[in-house]
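Student: Structure for the following, please:
(one chain, ligands or ions: 1)
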Amino acid sequence: MGERLGEGEATGVTPSPSLSPKGERRKSKKEYEKKDYDEQRVSESMAAIVLSKLNKHYGSLHHAVKDVDLSIADREFVALVGPSGCGKSTTLRMIAGLEDISSGEIRIGERVVNHLPPRDRDVAMVFQNYALYQHMSVYDNLAFGLRNKKMPERDIKAAIDRAAEMLGLHDLLKRRPRQLSGGQQQRVALGRCIVRNPLVFLFDEPLSNLDAKLRAQMRIEIKRLHAQLPTTSVFVTHDQVEAMTLGDRVVVMRDGRVQQAGTPLVVYNNPVNRFVAGFIGAPAMNFLDVTLAKEGDALVARSPAVKLAVTEPSRRALEAWQGKPVILGVRPEHLALATDGPLSRTFAAKVEVVEQLGSEILLETRVGEARVTVARVPPETQVAAGDQVRLSVQPGRLHFFDPESEAVIMT
Ligand code: ADP
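Tutor: Numbers count the residues shown, from 1 in each chain. Here you go, the predicted structure:
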């Protein structure tokens, strides 16, 4: 790959010292300070990103990003999440300038950057493959981009000290990358971003190569880093837990389109459609095909296997759906084994699999034709595969979706 975000930038795009513009006249220190530092300071207050009707076509057949509108506030941390191939990396790479846009507009701060080369966008990108220079010490890896920018060594040292302090790298500065663990290498890659003091951080699945424990640790480090150094950040991941834990806002994409953008709690509590409802949350939301019907005064969601009373506030919105099929959604953690409780809030299930996690039990059950997962069952509960049980639903925790459009039926 020959794409570069800037000279010796903090990216995992394999940096090559030979690409540095050797013939370029060295800027005097004064010139450096005037141009780069002042520009940086001015731009620091204006790091909002605005994507307007952004589209990307790969050739004539593949429409990878479709009419994406998204405003990211200055210093906001936004997580772009969705299944593989939904267009999140392409969106990120268009912000970075590594991919041309087909139509639309990208603003970073005050500037439309559509046609600006990556190096002029003042963004730093961390990739899954952090690709450090193996023949250089950690210190020199961190210094590389700044030396290319002709920053004075004294200022480079100050920038590295600051980054090393934040990331706990001081003891590693003399080591070569191969003497570091994966997590330490990823921290150095983050350090390369920090020393550049960019307007925007872009993260492209940076934790995917790490094992589960390290991923969880690095998540916390990135979160801590953002608190210490609030910089507008866009973080691409296919992992909804990563997105939920890191993002001030989570942007869920599917098939090139933004499905929903909201705080983690909003996308969890009020998913706009079945896709978001099923994608956010683990274990995933259960879905049952039901029909809405009146029984006396009550409105019930009915299938051969369940009959649940629809309570306010859903009830009012659902009156109009009487006699029609809808999709009922309920999260595993909003179900419980029922010892008692009104029949209108419980239904029968057959336990198929018991997963004892120590802190909780997960149950896989069968409700008529449907598979239904139950989470947070107390770990001491006596329950075995084959048991017939009753499940109860927490009031107000039912979601309803239009089976045709899959949009939520607004309540
Ligand atoms: P994600 O990051 O969500 O996994 P990408 O943005 O990488 O998805 O890709 C979105 C879609 O565009 C995918 O279907 C992918 O195959 C396609 N795509 C990505 N890069 C190219 C390319 N250089 N040429 C053609 N198609 C591409």
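
Student: The top helix by length along the chain: what's the following helix or strand?
Tutor: Identified as the longest helix of the chain according to DSSP state H is helix 212-228. Proceeding N to C from helix 212-228, the next assigned helix or strand is strand 232-237, under DSSP states H and E.

Student: any idea of the angle that following strand forms with helix 212-228?
Tutor: Orientation of strand 232-237 against helix 212-228 (axes from the mean of the first three to the mean of the last three Cα atoms, to 10 degrees) gives an angle of 170 degrees.

Student: ok, residues contacting strand 232-237?
Tutor: 47-49, 72-81, 88-89, 91-92, 95, 199-208, 222, 226, 242-243, 246-247 (Cβ atoms under 8 Å, 6 or more residues apart in numbering). Backbone N, C-alpha and C define where each C-beta goes, glycine included.

Student: Among the residues you listed, name the ones in helices.
Tutor: Those of the contacts of strand 232-237 mapping onto helices are 88-89, 91-92, 95, 222, 226, 242-243, 246, per DSSP H.

Student: Filter these to keep only those in contact with the ligand.
Tutor: Among the ones in helices among the contacts of strand 232-237, the residues within reach of the ligand (Cβ under 6 Å from any ligand atom) are 88-89.

Student: Quick check: which ranges of the protein have low pLDDT?
Tutor: Under the criterion pLDDT under 70, the flagged ranges of the chain are 1-45, 411.

Student: before we move on, back to that, quick one: list the elements packing against the longest helix of the chain.
Tutor: helix 153-167, helix 182-195, helix 240-246 (3 or more Cβ pairs under 8 Å, 6 or more residues apart in numbering; DSSP states H and E).

Student: and of the ones you listed, who's closest to residue 375?
Tutor: helix 240-246 (14.2 Å; Cβ to Cβ).

Student: The closest one: what's the following helix or strand?
Tutor: Later in the chain than helix 240-246, the nearest helix or strand by DSSP H and E is strand 249-254.

Student: can you give me the angle the next helix or strand along the chain from that next one makes with strand 249-254?
Tutor: Proceeding N to C from strand 249-254, the next assigned helix or strand is strand 257-262, under DSSP H and E. Inter-element angle recorded for strand 257-262 and strand 249-254: 160 degrees (by the same axes, to 10 degrees).

Student: residue of the stretch 151-300 of the chain with the smallest distance to the ligand?
Tutor: residue 236 (6.2 Å; Cβ to the nearest ligand atom).

Student: and that residue, what are its bridge partners?
Tutor: Residue 236 forms beta bridges with residue 80, residue 204, as assigned by DSSP bridges.

Student: wait, isn't residue 191 in contact with residue 161?
Tutor: No. Using Cβ atoms under 8 Å, residue 191 is not in contact with residue 161; the gap is 10.9 Å.

Student: In terms of neighbours, single out the busier of these two.
Tutor: Set side by side, residue 191 and residue 161 show more neighbours around residue 191, with 26 against 14, by other Cβ atoms under 10 Å.

Student: How about the contacts made by the closest residue to that one other than its chain neighbours?
Tutor: Closest residue in space to residue 191, ignoring its immediate chain neighbours: residue 163 at 4.4 Å, by Cβ to Cβ, 6 or more residues apart in numbering. By Cβ under 8 Å, 6+ apart, the residues touching residue 163 are 142, 169, 191, 194-195.

Student: Likewise for residue 293?
Tutor: Neighbour list for residue 293: 299-300, 302, 322-323 [criterion: Cβ under 8 Å, 6+ apart].

Student: In ChimeraX, how would I select the buried members of the residues you listed?
Tutor: This is how ChimeraX selects the buried members of those, with burial counted by 16 or more other Cβ atoms under 10 Å:
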select :299,300
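
Student: Redo the contacts of residue 293 as CSV? Include secondary structure and distance to residue 408.
Tutor: Shown next, in CSV, are these (DSSP: H, G, I helix; E, B strand; the rest coil; distance: Cβ to Cβ, whole Å):
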residue, secondary structure, distance to residue 408
299, strand, 17
300, strand, 19
302, strand, 20
322, coil, 18
323, coil, 20
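
Student: Turn the contacts of residue 293 into JSON lines, columns for distance to residue 151.
Tutor: Shown next, in JSON lines, are those (distance: Cβ to Cβ, whole Å):
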{"residue": "299", "distance to residue 151": "68"}
{"residue": "300", "distance to residue 151": "69"}
{"residue": "302", "distance to residue 151": "70"}
{"residue": "322", "distance to residue 151": "70"}
{"residue": "323", "distance to residue 151": "71"}
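
Student: Could you list which of the contacts of residue 293 also contact the ligand?
Tutor: Applying Cβ under 6 Å from any ligand atom to the contacts of residue 293, none is adjacent to the ligand.

Student: Show residues contacting the longest helix of the chain.
Tutor: 77, 166-167, 181-183, 186-187, 190, 194, 203, 206-207, 210, 233, 235, 242, 245-246.

Student: what about burial for these, which qualify?
Tutor: Neighbour counting by 16+ other Cβ under 10 Å classes 77, 166-167, 183, 186-187, 190, 194, 203, 206-207, 210, 233, 235, 242, 245-246 among the contacts of helix 212-228 as buried.

Student: sorry, back to before: measure the residue of the stretch 151-300 of the chain closest to the ligand to residue 87 for me?
Tutor: As judged by Cβ to Cβ, to the nearest Å, residue 236 and residue 87 stand 10 Å apart.
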